[in-house]
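# Generate a structure from the sequence data that follows.
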Amino acid sequence: MNDHLIGTWKLISVIAEDTATGEKRDGWGPNPEGYINYGPDGRMIVINARSDRKKPAGPVPTKEEAAELFQGVLAYAGRYTVNGNEVTHHVDISWNETWTGMDMLRIARFDGNRVHLSTKPSPDPVNGRMSVRTMTWEKLS
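Residues are numbered from 1 along each chain as shown. From the prediction side, this is the model:
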């Protein structure tokens with residue numbers, strides 16, 4: 001799987017499924033934007049943004065605008081390891097200092113030129129409810 005994972009992938013969707021109710025929602029809006037890259041050197045980098053983020057009114061965001069922008073984006077980088085169908089991101093640097101130093105496990109499922117990376121059941125960072133988040137990525141050529 002490691003060789004198939006290497007390259008740059010464009011974010012297609014983020015679906016959060018509540019483990020108690022089975023309810024599904026768009027985790028980053030209907031048309032999220034983002035890229036993830038897995039290098040042959042074992043390093044990865046990712047940036048995602050909600051599709052509905054609003055531009056600040058002026059050249060410098062207000063505190064409220066900055067907070068809103070912060071909540072609609074994520075970015076981190078670090079090493080990655082692969083074990084079977086599990087990909088672990090070992091976060092060296094992150095937009096959210098809480099994630100720096102963490103390991104983030106993803107279950108990978110390939111479907112043609114797409115990969116679906118799912119979390120194990122865990123608290124949703126948006127609402128705190130237990131959920132599985134699945135990010136679908138399409139490989140760029």
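
# Setting the sequence-adjacent residues aside, check what's closest to residue 13.
Distances taken as C-beta to C-beta, 6 or more residues apart in numbering place residue 136 nearest to residue 13, at 4.7 Å, with adjacent residues excluded. C-beta: built from backbone N, CA, C; applies to glycine.

# just checking, residue 96 is part of a strand?
No: applying DSSP: H, G, I helix; E, B strand; the rest coil, one finds residue 96 to be coil, outside a strand.

# was I right about it contacting residue 74?
Yes: counting by C-beta atoms under 8 Å, residue 74 is a contact partner of residue 96 at 7.0 Å.

# More neighbours: these two, which one.
Counted by other C-beta atoms under 10 Å, residue 96 and residue 74 do not tie: residue 74 has more neighbours, with 18 against 14.

# Quickly note the distance from the more buried one to residue 131.
Distance, residue 74 to residue 131, by C-beta to C-beta, to the nearest Å: 16 Å.

# can you list the weak-confidence ranges in the chain?
Scanning the chain for pLDDT under 70 picks out the ranges 1.

# Show me where it has its helices.
With helices called from DSSP state H, the chain shows them at 2-5, 63-71.

# wait, which of the ones you listed is closest to residue 33?
helix 63-71 (13.3 Å; C-beta to C-beta).

# closest to residue 120 out of the helices of the chain?
With C-beta to C-beta as the criterion, residue 120 lies closest to helix 2-5 of the helices of the chain, at 18.5 Å.

# just checking, what packs against the closest one?
Here helix 2-5 touches no other helix or strand, going by 3 or more C-beta pairs under 8 Å, 6 or more residues apart in numbering; DSSP states H and E.

# residues of that helix that come out buried?
Within helix 2-5, the residues that count as buried by 16 or more other C-beta atoms under 10 Å are residue 5.

# contact partners of that helix?
Contacts with helix 2-5, where a contact means C-beta atoms under 8 Å, 6 or more residues apart in numbering, come from 38, 82, 87, 108, 110, 115.

# let's go with 10 Å and repeat that
Residues outside helix 2-5 that contact it (C-beta atoms under 10 Å, 6 or more residues apart in numbering): 36, 38, 40, 42, 44, 80-83, 87, 108, 110, 115, 117, 137, 139.

# Cool, thanks, talk later.
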